[in-house]
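# Below are the sequence and a predicted model; questions follow.
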Amino acid sequence: MLIEILGSGCPNCAKLAAHAQEAATKLGIEATVKKVTDFGEIAARGVMSTPGFAVDGRLLSTGRVLTVDQVLRLLKGE
Amino acid sequence: MDTSTPWGAALNFFVGDIIKIFVLLVVIIFAVSLLRTFFPPEKVRDRLAKLPRFVAHILAALLGIITPFCSCSAVPLFLGFVEAGIPLGVTFSFLVASPMINEVALVMLLGLFGWQIALLYIGLGLVIAIVSGLVLGKLKVEPLLQDFVLKNIGKAPPMATIRQTWGDRASFAWGYTLDILRKVSLWVVLGVGLGAWIHGYVPQDLLAQWAGRSNPFAVPIAVLIGIPLYSNAAGVLPLVAALTEKGVAMGTALAFMMAVTALSFPEFMILRKVMKVKLVAIFASVVGIGIILVGYVFNALLR
């Protein structure tokens, strides 16, 4: 599973990345958390408020630092 | 408490203001961030794209008030707007209003100056945002965008909408409120503390001579001083409030507050990634001139 955090590297993006990693570990899924920091690509993916959160290329959340619980729910919903 | 001594006056001022401001911070930031979960910028953008130009300017400025803005999100917002084909001038109206009229500044104004000045600030901020956007739109500055932005104009990426429950919205709003509180608390206490000291110890009208209505240079100088103070809006506004009691004219104070919130070096550096230096300079000048004019008009009207 590929989890992408789309954002310019602001503190919120780092926080969300940590939450995503923790949730993936909890679920016992093999997941790569990748940070997408290129502005052109972030915009091209339709994200206007950072951080964006995408799983396997599908954008699931924008503009918020999801909690570990919220990430868990999104990952399970997949 | 004996408010006739300088110490008593200062302490009274400090405790009263601190309590009022923290209550307002929690209530207003929670309310605004709950409201903003209904207006994600992706949705805002799609609405704006369909409106006639002038209406779009007004709505862009209004939406700027409730749309989350921090300098780190300025670039994706800007790109999202421009690449969806929203006119550059309308995008600028949004870009000016968003940082200038933010919930923290609003709380500080309400708590320190009362609702009349807070409303005045919002109204004038909207006027500056709308007019600056109209002016920048007329200047035909599109060639001054960075090349990669120009290439993508009109190529709107698919809109990202995410369904949210009330629980999601409330948890977002509460998290955001705590986040802001963490960031500004120290500044609020320091600012209000220093303001209280000024209130109690600095002689009345000390500053009237330099920053009163009679000095024509006070407004532009106040705006220039305000530019580097962006990150400390929460700490700076209590000082401004205290200084207005000591003879700083209200228009000068308003112009200063607007410069603190709307013009900032970190934002300029970030905008540099999507605009050429010349455009950042034009943007800052147009907004700066707007703020200075508002300061003068107020000094002439408010007595």
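Yep, that arrived. Fair warning: this is a prediction, and the values are worked out from it, not measured in the lab. Numbering: from 1, shown residues only, chains lettered A, B, ... in the order given.
# which helix is the longest one in the chain?
The chain I'm using is chain A. helix A:11-27 (DSSP state H).
# wait, I meant chain B there
From DSSP H, the single longest helix across chain B is helix B:166-201.
# Tell me the helices and strands packed up against that helix.
helix B:6-36, helix B:103-113, helix B:233-245 (3 or more Cβ pairs under 8 Å, 6 or more residues apart in numbering or on different chains; DSSP states H and E). Bear in mind the C-beta positions are built from the backbone N, C-alpha and C, glycine included.
# I'd like the ones you listed laid out as TSV, including distance to A:Gly52, mean neighbour count and mean pLDDT.
Shown next, in TSV, are those (distance: least, Cβ to Cβ, whole Å; neighbours: other Cβ atoms under 10 Å in any protein chain shown; pLDDT from 0 to 100):
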stretch	distance to A:Gly52	mean neighbour count	mean pLDDT
helix B:6-36	17	17	85
helix B:103-113	23	23	87
helix B:233-245	27	23	84
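# For the ones you listed, please prepare JSON lines with the additional fields distance to B:Gly85.
JSON lines is the format used below for those (distance: least, Cβ to Cβ, whole Å):
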{"stretch": "helix B:6-36", "distance to B:Gly85": "24"}
{"stretch": "helix B:103-113", "distance to B:Gly85": "30"}
{"stretch": "helix B:233-245", "distance to B:Gly85": "33"}
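# about what we covered before: the longest helix of chain A: which residues count as buried?
A:12-13, A:15-17, A:19-21, A:23-24 (16 or more other Cβ atoms under 10 Å in any protein chain shown).
# how near is the nearest residue to B:Val188 once chain neighbours are set aside to chain A?
In space, and not counting its chain neighbours, B:Val188 is closest to B:Ala234: 5.1 Å by Cβ to Cβ, 6 or more residues apart in numbering or on different chains. According to Cβ to the nearest Cβ, to the nearest Å, B:Ala234 stands 18 Å off from chain A.
# show me the contacts for B:Ala234.
B:104, B:108, B:184, B:187-188, B:191 (Cβ atoms under 8 Å, 6 or more residues apart in numbering or on different chains).
# Equivalent analysis for B:Arg47, please.
By Cβ under 8 Å, 6+ apart, B:Arg47 lies in contact with B:Leu59.
# phi, psi of it?
phi -70, psi -50 (degrees, to the nearest 10).
# Likewise for the one 4 residues further on?
Dihedral angles phi and psi of B:Leu51 (degrees, to the nearest 10) take the values phi -90, psi 150.
# Just give me the neighbour total for it.
15 (other Cβ atoms under 10 Å in any protein chain shown).
# I'd say it and B:Leu59 touch.
Yes - B:Leu51 lies in contact with B:Leu59 (Cβ atoms under 8 Å); the separation is 6.4 Å.
# quick one on the thing from earlier: could I get the buried residues of helix A:11-27 in TSV, plus columns for pLDDT and distance to chain B?
Formatted as TSV, those follow (pLDDT from 0 to 100; distance: Cβ to the nearest Cβ, whole Å):
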residue	pLDDT	distance to chain B
A:Asn12	82	8
A:Cys13	86	9
A:Lys15	88	10
A:Leu16	89	12
A:Ala17	90	15
A:His19	90	12
A:Ala20	89	15
A:Gln21	90	19
A:Ala23	89	15
A:Ala24	88	19
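# Go through these and name the one nearest A:Ala54.
Taking Cβ to Cβ as the measure, A:Ala54 sits nearest to A:Ala20 out of the buried residues of helix A:11-27, at 10.3 Å.
# ok, the closest one to A:Lys34 distance?
Remark: distance between A:Ala20 and A:Lys34 (Cβ to Cβ, to the nearest Å) = 10 Å.
# Find the residues that touch each one of those two.
A:3, A:5.
# just to revisit the earlier point, kindly export the longest helix of chain A (C-alpha atoms) in CSV.
C-alpha atoms of helix A:11-27 as CSV (Å, rounded to 0.1, in the frame of the first residue of the first chain):
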residue,chain,number,x,y,z
PRO,A,11,5.0,20.8,10.6
ASN,A,12,1.4,19.6,9.9
CYS,A,13,2.6,17.4,7.1
ALA,A,14,5.2,15.8,9.3
LYS,A,15,2.6,15.2,12.0
LEU,A,16,0.2,13.6,9.5
ALA,A,17,2.9,11.4,8.1
ALA,A,18,3.7,10.1,11.6
HIS,A,19,0.0,9.4,12.3
ALA,A,20,-0.2,7.5,9.0
GLN,A,21,2.8,5.4,9.8
GLU,A,22,1.4,4.6,13.2
ALA,A,23,-2.0,3.6,11.8
ALA,A,24,-0.4,1.4,9.2
THR,A,25,1.7,-0.3,11.9
LYS,A,26,-1.3,-0.8,14.1
LEU,A,27,-3.2,-2.5,11.2
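# which residue is nearest the middle of chain B?
Centroid-nearest residue in chain B: B:Met100, 1.7 Å away (criterion: Cα atoms, centre = their mean).
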